[in-house]
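Undergrad: Here is a sequence together with a model predicted from it:
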Amino acid sequence: MSDYLYGRHAVLEALRARRQVEEILIARGVHTRGALDQVMTFARQAGVPVRELPRADLDRLAQHHQGILARVREFEYADLEELLAVAPARGEPAFLLMLDSVQDPQNLGTLLRTAEAVGVQGVIFAERRAAGVTPAVAKASAGAVEHLKIARVTNLARTIEQVKRENIWVVGVENVPQAGDLFQADLTMPLMLVLGSEGAGLGRLVESKCDLLVRLPMWGRIESLNVAVAGSIALYVVKTQRVAILTKH
């Protein structure tokens, strides 16, 4: 089946990643500058047909399309084994991200964009009660989904057990009293960071499977942060700790 990707960066990154793009639709009269100019260059190089249509035709297919759509094959998910093979192949400590019931496409897209930016080797979420990689998520991620290995699994708790057998620590981010301060924790070991849903946080079973719980300290009047913000901060904390080690050596 086919999807329509929309947004200039989402389409550009699909072309850069050599995803199978069947055709590109451009709104008549749109200015081909910046990212859109790059899209046209990549499309020519890849031999992808480009059609110019009235903007109203694109409006019927997607909102907020920025004057461009790309008809592509549905996103292909990876197997968990593929994700687990990345760290050994690169000679790096494992750095994975698991999302427990994140349902908002904007939050998911933001987290995937940050994950790609900090070099996460793979992202895992459940097949049910969670957002998938849709065109809306691809746009929210600014095309980062095209450069990530993403796996959907039937059971997060069982997946955590499988990950642990690879000597990977499972670290949950949760605002609970027993959680340690994120900024005081040592997160340089092979690990999988686990983030909970927008409202309920981590599920009880998933939380119980974590080796370590960390929380973001709050100095203001609000009690918590949006999952995409909190998760992005946590991902950067992990990355900066690892960069610091490399710098010392």
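TA: Yes, it's here. Numbering: from 1, shown residues only.

Undergrad: Regarding the protein, what is its longest helix?
TA: Taking DSSP state H as the assignment, the helix of the chain that covers the most residues is helix 227-248.

Undergrad: Would you mind checking the average pLDDT for it?
TA: Confidence for helix 227-248, expressed as mean pLDDT, is 92.

Undergrad: Keeping just the C-alphas, turn that helix into PDB.
TA: Taking Å, rounded to 0.1, in the frame of the first residue of the first chain, the C-alpha atoms of helix 227-248 are listed here in PDB:
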ATOM      1  CA  VAL A 227       6.900  13.500  27.300                       C
ATOM      2  CA  ALA A 228       8.600  14.800  24.100                       C
ATOM      3  CA  VAL A 229      10.400  17.500  26.100                       C
ATOM      4  CA  ALA A 230      11.400  15.300  29.000                       C
ATOM      5  CA  GLY A 231      12.400  12.500  26.700                       C
ATOM      6  CA  SER A 232      14.500  14.800  24.500                       C
ATOM      7  CA  ILE A 233      16.300  16.100  27.600                       C
ATOM      8  CA  ALA A 234      17.000  12.600  28.800                       C
ATOM      9  CA  LEU A 235      18.300  11.500  25.500                       C
ATOM     10  CA  TYR A 236      20.700  14.400  25.400                       C
ATOM     11  CA  VAL A 237      21.900  13.700  29.000                       C
ATOM     12  CA  VAL A 238      22.800  10.200  27.900                       C
ATOM     13  CA  LYS A 239      24.600  11.400  24.800                       C
ATOM     14  CA  THR A 240      26.600  14.200  26.600                       C
ATOM     15  CA  GLN A 241      27.800  11.700  29.200                       C
ATOM     16  CA  ARG A 242      29.100   9.400  26.500                       C
ATOM     17  CA  VAL A 243      30.700  12.300  24.600                       C
ATOM     18  CA  ALA A 244      32.400  13.400  27.800                       C
ATOM     19  CA  ILE A 245      34.000   9.900  28.200                       C
ATOM     20  CA  LEU A 246      35.300  10.000  24.700                       C
ATOM     21  CA  THR A 247      36.700  13.500  25.100                       C
ATOM     22  CA  LYS A 248      38.600  12.400  28.200                       C
END
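
Undergrad: Where does the residue nearest the centre of the chain sit: helix, strand or coil?
TA: The centroid of the chain falls nearest to residue 112 when counting by Cα atoms, centre = their mean (1.7 Å). Classification of residue 112 into helix, strand or coil gives helix, according to DSSP: H, G, I helix; E, B strand; the rest coil.

Undergrad: any idea how far it is from residue 145?
TA: For residue 112, the distance to residue 145 (Cβ to Cβ, to the nearest Å) stands at 6 Å. Heads up, the C-betas are built off the backbone N, CA and C, glycines and all.

Undergrad: okay, and the common contacts of the two?
TA: Taking Cβ atoms under 8 Å, 6 or more residues apart in numbering as the contact rule, residue 112 and residue 145 both touch 133, 137.

Undergrad: got a list of what residue 233 touches?
TA: Residue 233 is in contact with 182, 216, 225, counting by Cβ under 8 Å, 6+ apart.

Undergrad: For stretch 126-135, what does the pLDDT average out to?
TA: Averaged over stretch 126-135, pLDDT sits at 89.

Undergrad: re the thing from before, contacting residues for the residue nearest to the centre of the chain?
TA: Counting by Cβ under 8 Å, 6+ apart, residue 112 touches 123, 133, 137, 140-141, 144-145, 148, 150.

Undergrad: Reformat the contacts of residue 233 as TSV; add secondary structure.
TA: Converted to TSV, the contacts of residue 233 look like this (three-state DSSP):
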residue	secondary structure
182	helix
216	coil
225	coil
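
Undergrad: For ChimeraX, write the select line for the buried members of these.
TA: Only the buried entries of the contacts of residue 233 go into this ChimeraX selection, using 16 or more other Cβ atoms under 10 Å:
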select :182,216
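
Undergrad: From the contacts of residue 233, pick the one nearest residue 78.
TA: Using Cβ to Cβ, residue 182 comes nearest to residue 78 of the contacts of residue 233, at 27.9 Å.
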